[in-house]
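K.L.:
sequence first, then the predicted structure, then my questions.
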Amino acid sequence: MADITKMDIQGLHGEIVEKREALRKFRFGEAGSRARNVREGRMLRRDIARMLTELKSRTIAKKAKNG
């Protein structure tokens with residue numbers, strides 16, 4: 001979480017794109033395989049949610065600051 005708060009907005013957008021692509025590969029890359037780490041998908045989803053939450057909070061703070 002500390003890394004996310006230190007990132008700028010463009011960095012967060014880029015990281016979200018990368019995580020979503022990794023999640024897509026995780027879901028469809030090994031479609032029939034049983035021997036995969038299911039925690040990886042869960043952690044990717046949570047990381048994406050954390051980044052989106054940080055972006056939303058920054059947007060709200062910016063709007064409140066501007067009036």
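P.N.:
Yep, it's here. Numbering: from 1, shown residues only.
K.L.:
for the lowest-mean-pLDDT helix or strand in the chain, name the packing helices and strands.
P.N.:
Least confident helix or strand of the chain, by mean pLDDT, DSSP states H and E, is helix 2-6 with a mean of 86. With contacts taken as 3 or more CB pairs under 8 Å, 6 or more residues apart in numbering; DSSP states H and E, helix 2-6 sits against helix 38-66. Yep, even glycine has a C-beta here, placed from its N, CA and C like the rest.
K.L.:
the helix it packs on packs against which elements?
P.N.:
The contact analysis (3+ CB pairs under 8 Å, 6+ apart) places helix 38-66 against helix 2-6, helix 9-29.
K.L.:
show me what contacts the most centrally placed residue in the chain?
P.N.:
A centroid search over the chain (CA atoms, centre = their mean) returns residue 48, at 1.8 Å, as the residue closest to the centre. By CB atoms under 8 Å, 6 or more residues apart in numbering, the contact set of residue 48 is 16, 19-20, 23.
K.L.:
how confident is the prediction for it, by pLDDT?
P.N.:
Per-residue confidence (pLDDT) for residue 48: 97.
K.L.:
give me the below-cutoff pLDDT ranges for the chain.
P.N.:
Within the chain, the stretches with pLDDT under 70 are 1, 30-36.
K.L.:
so which of the contacts of residue 48 comes closest to residue 37?
P.N.:
Of all the contacts of residue 48, residue 23 has the smallest distance to residue 37: 12.9 Å, by CB to CB.
K.L.:
wait, doesn't that closest one sit right on residue 46?
P.N.:
No: the criterion here is CB atoms under 8 Å, and residue 23 misses it with residue 46 at 10.7 Å.
K.L.:
please report the distance of residue 3 from residue 54.
P.N.:
In this view, residue 3 and residue 54 are 10 Å apart by CB to CB, to the nearest Å.
K.L.:
meant to ask about residue 12
P.N.:
6 Å.
K.L.:
between those two, which contacts overlap?
P.N.:
Counting by CB under 8 Å, 6+ apart, the contacts common to residue 12 and residue 54 are residue 4.
K.L.:
picking that back up, more neighbours: which of residue 3 and residue 54?
P.N.:
Set residue 3 next to residue 54 and count neighbours by other CB atoms under 10 Å: residue 54 wins out with 17 against 10.
K.L.:
fine by me, we can end here.
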